[in-house]
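Enquirer: My questions concern the predicted model and sequence given below.
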Amino acid sequence: MKKLLIGIIVSLLVQAAVAQHSLSYLTYAKGIAEQDTTTVQVMENNKCLKIRTVEKKLSNPVPGYCESNIYVNYIEDSVYTIADFADAKYYSTYPFKDNNVVFSEEGQEKMLGYDCKKYKTSINSNTIEVWMTESLGFEATPMPGLGRLNGVMVRCMRNGSYITDLEEVKEQKFDLINLIPEYKGERKTSRELVQLRKDKLIIHIPVFEDETINFADYEPFTGEIPFDTTIHFSHGTLIVKRMRLPLLPAHYQIFAEIRQRSDGDAYDRSASVFVIPTETAKSFKDGLTQGIEALPVSVGKDGQEYQGIKAEKGYLPPVELVRFFTSFGAGHFNNKMIIDGLEWAEENYYKQEISELRDRLRGDVLIGAFIGNYDRGGHKISLDLLAYPGDNKWSEKPLRQHSTPLFNTCNVLEMSGQNYGRLFATDDLEVEFEIPEGAKKVRLRYISTGHGGWDGGDEFNPKENAIFIDGEKRFVHMPWRCDCATFRDQNPVSGNFWNGLSSSDFSRSGWCPGTATNPVYFDLSDLKPGKHTIRVAIPQGKDEGESFNHWMVSGVLLYELPNKK
């Protein structure tokens, strides 16, 4: 027993006598005045390392943030990454010998006052140069992912510009003899841990999950729309949900993620995801619960009525988040058509950033999704809002980004009688708007797609969209997509022609079957505060028999206001 105790004491004394080191590394970009520098500390003891990025303790981190350290055990040839979340701890490990980075020796070179061996490799077309010194008598690196090279890393340089330098080496007494903690958490693979860290940082807000949008006999809904319940309107072709959304800091980027598949409808349909403003006396919500007669009406020169399409006193139209188009039958019809060399997509996937509309995505919000169709099976749709942090710290600064919806001719209440946007045949679309005092970075967010599905129709013919501000022609936009053939695998029951083309291949006025339409932005920052007018003019084609052309256009004024002191 005495011998055992003496052996343990001697072992501890030997370990305590081994020199312990603290190394500081600085990462920076060469030749850039305003550098984003990072300091990494490496603690070395008894052939083990603890590697951590030096940063201030966060008093108010974003949800999903974790403290993370890397540990190296040279004796066991192991590298550990430990992620310590608020609710759990996870780790991954891999041996140095499994690292696939192969370096070539480039000879001896003096670097930062140390005699070094220089090594070189290429990773993903990036040239990596590393200088290692064996003069310090121990091993250490801030980058174990590059593999094991003898000695202490003095410098690492990527593409001759991005540098990590050894700034300081000193002997230091640590409280812990064993740097690597005994409890490391739940084990994950390296890829799983990387993905877990990303996933926990994303704020994921489900809106619709595999909901049906079809044409059927739904009971009309009246009264107050409840929270967190999907309500079908307009014979089921429009769904709406009322939600309470979090107040996110401005550094978050917000995306709409949409998944859609056919559940019986074979055609390429117009679709839209939008928010209904409710801060005015009248709201598009009134058209949902009371009928389109409750919406303000614009009358064209041809006598046709257009319900709720533009901003006016006491009313704001829906704010379009994403305009998208279903494909020809992806999902339901995949087994109906077999073409050699093509494997049909199971669903259509759309993802767009909508950060500029963040003021419409906070608090009490009405979110809608529309797919125009006359099929009892219709479509299935899922919608999620995803918010990605741009900083590790949660910030409560007041919102600076603001939006005002100006017009929206997407007739999402089509099956309740709301008119198509046919007014451009006889009229321009004109709206009065106001720029607040102190507004900066004023822009117009504009989405436009043309429709009229025959050879001479506006769907297949480019048409100039002219935008006039205060009577002056300021912008011209030609909505056109000529890449529709890229998405052939999403259109199983698109018409196929003798010459090898499919109808889904044809170029269209700002859209393709199975894709989303990108907004375009026009700079209005030269406009002074006060009232202005915007006018949209499109040379809409003539009707042909019972077929007619129409344009789905939406416009939102974007601007920033300074924070109140």
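Expert: That came through, no problem. Numbering: from 1, shown residues only.

Enquirer: How are the helices of the chain distributed by residue range?
Expert: 2-17, 190-201, 284-290 (DSSP state H).

Enquirer: With adjacent residues omitted, what lies nearest to Glu109?
Expert: Nearest residue to Glu109 in three dimensions, chain neighbours excluded: Lys118, at 4.8 Å (Cβ to Cβ, 6 or more residues apart in numbering). Backbone N, C-alpha and C define where each C-beta goes, glycine included.

Enquirer: can you pull the contacts of that neighbour?
Expert: By Cβ atoms under 8 Å, 6 or more residues apart in numbering, the contact list for Lys118 reads 105-109, 111, 129-131.

Enquirer: beta partners for it?
Expert: As for beta bridges, Lys118 partners with Trp131 under DSSP bridges.

Enquirer: picking that back up, out of the contacts of Lys118, the closest to Pro142 would be?
Expert: Of all the contacts of Lys118, Pro142 sits closest to Val130, with 11.1 Å by Cβ to Cβ.

Enquirer: pLDDT value on the closest one, please?
Expert: With respect to pLDDT, Val130 scores 97.

Enquirer: List the contacts of it.
Expert: So Val130 contacts 103, 118-120, 146, 149, 153, 155-157 (Cβ under 8 Å, 6+ apart).

Enquirer: and if we set it to 10 Å?
Expert: By Cβ atoms under 10 Å, 6 or more residues apart in numbering, Val130 lies in contact with 101, 103, 106, 111, 116-121, 141, 143, 146-147, 149, 153-157, 164.

Enquirer: Could you do Pro246 as well?
Expert: Counting by Cβ under 10 Å, 6+ apart, Pro246 has contacts 63, 203, 205, 252, 361-363, 385, 387.

Enquirer: Report the buried members of those.
Expert: 203, 205, 252, 361, 385, 387 (16 or more other Cβ atoms under 10 Å).

Enquirer: can I get these in JSON lines with pLDDT and distance to Asp526?
Expert: Conversion of the buried ones among the contacts of Pro246 to JSON lines gives the following (pLDDT from 0 to 100; distance: Cβ to Cβ, whole Å):
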{"residue": "Ile203", "pLDDT": "98", "distance to Asp526": "36"}
{"residue": "Ile205", "pLDDT": "98", "distance to Asp526": "37"}
{"residue": "Tyr252", "pLDDT": "96", "distance to Asp526": "30"}
{"residue": "Leu361", "pLDDT": "97", "distance to Asp526": "28"}
{"residue": "Leu385", "pLDDT": "98", "distance to Asp526": "33"}
{"residue": "Ala387", "pLDDT": "98", "distance to Asp526": "32"}
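
Enquirer: so which of the residues you listed comes closest to Glu343?
Expert: Once Cβ to Cβ is applied, the member of the buried ones among the contacts of Pro246 that ends up nearest Glu343 is Leu385, at 30.3 Å.

Enquirer: Double-check the closest one against Lys351; I have them as touching.
Expert: No. Using Cβ atoms under 10 Å, Leu385 makes no contact with Lys351, being 11.0 Å away.

Enquirer: mind listing the strands for the stretch 451-565 of the chain?
Expert: Remark: strands assigned in the stretch 451-565 of the chain by DSSP state E, counting those that start in this stretch are 465-469, 472-477, 516-517, 520-523, 530-537, 550-560.

Enquirer: of these, which approaches Glu437 most closely?
Expert: Short answer: strand 530-537, nearest of the strands of the stretch 451-565 of the chain by Cβ to Cβ, at 8.5 Å.

Enquirer: Who are the packing partners of the closest one?
Expert: strand 401-408, strand 429-435, strand 440-451, strand 465-469, strand 472-477, strand 550-560 (3 or more Cβ pairs under 10 Å, 6 or more residues apart in numbering; DSSP states H and E).

Enquirer: how about 7 Å then?
Expert: strand 429-435, strand 465-469 (3 or more Cβ pairs under 7 Å, 6 or more residues apart in numbering; DSSP states H and E).

Enquirer: Each with direction, which strands does it pair with?
Expert: Assessed with DSSP bridges, strand 530-537 is paired to strand 429-435 (antiparallel), strand 465-469 (antiparallel).

Enquirer: How far off centre is the first one?
Expert: Okay, so that is strand 429-435. 30 Å (Cα atoms, centre = their mean, to the nearest Å).

Enquirer: in it, what counts as buried?
Expert: 429, 431, 433, 435.

Enquirer: before we move on, the earlier item: can you pick out the most distant pair from the contacts of Pro246?
Expert: Pro63 and Gly363 (18.4 Å).

Enquirer: Tell me, what's the model's pLDDT at the closest residue to Asn214 other than its chain neighbours?
Expert: In space, Asn214 comes closest to Gly378 once its chain neighbours are excluded; the distance is 2.6 Å by Cβ to Cβ, 6+ apart. Note for Gly378: predicted pLDDT of 98.

Enquirer: Over to Asp98?
Expert: pLDDT at Asp98 comes out at 67.

Enquirer: Which residue comes closest to the residue nearest the centre of the chain once chain neighbours are left out?
Expert: By Cα atoms, centre = their mean, the chain has its centre lying nearest to Phe255, at 4.0 Å. Leaving aside its chain neighbours, Phe255 sits nearest to Leu386 (4.7 Å; criterion: Cβ to Cβ, 6+ apart).

Enquirer: now Phe274
Expert: Pro318 is the one closest to Phe274 (Cβ to Cβ, 6+ apart), at 4.2 Å.

Enquirer: Near that neighbour, how many other residues are there?
Expert: 25 (other Cβ atoms under 10 Å).

Enquirer: if I look at Met153, how far off is Ile467?
Expert: 57 Å (Cβ to Cβ, to the nearest Å).

Enquirer: and these two? which has more neighbours close in?
Expert: Shown here are Met153 and Ile467; by other Cβ under 10 Å, Met153 has more neighbours (25 against 22).

Enquirer: Which pLDDT value belongs to Cys116?
Expert: 98.

Enquirer: typo on my end, it should be Ser59
Expert: At Ser59, the pLDDT recorded in the model is 84.

Enquirer: Same question for Ser283.
Expert: Ser283 carries a pLDDT value of 96.

Enquirer: what separates it from Gln290, distance-wise?
Expert: Counting by Cβ to Cβ - Ser283 and Gln290 are separated by 10 Å.

Enquirer: Mind listing the shared neighbours of these two?
Expert: Residues touching both Ser283 and Gln290 (Cβ atoms under 7 Å, 6 or more residues apart in numbering): there are none.

Enquirer: ok, back up a step: neighbours around the residue nearest to Asn214, how many?
Expert: 23.

Enquirer: That one contacts Phe215, doesn't it?
Expert: Yes. Using Cβ atoms under 7 Å, Gly378 is in contact with Phe215, at 6.4 Å.

Enquirer: Mutual contacts of the two, please.
Expert: Contacts common to Gly378 and Phe215, judged by Cβ under 7 Å, 6+ apart, are absent.

Enquirer: Show the contacting residues for the nearest residue to Ile51 once chain neighbours are set aside.
Expert: Excluding its sequence neighbours, the residue lying closest to Ile51 (Cβ to Cβ, 6+ apart) is Ile70, at 4.2 Å. Counting by Cβ under 7 Å, 6+ apart, Ile70 touches 51, 79-81, 144.
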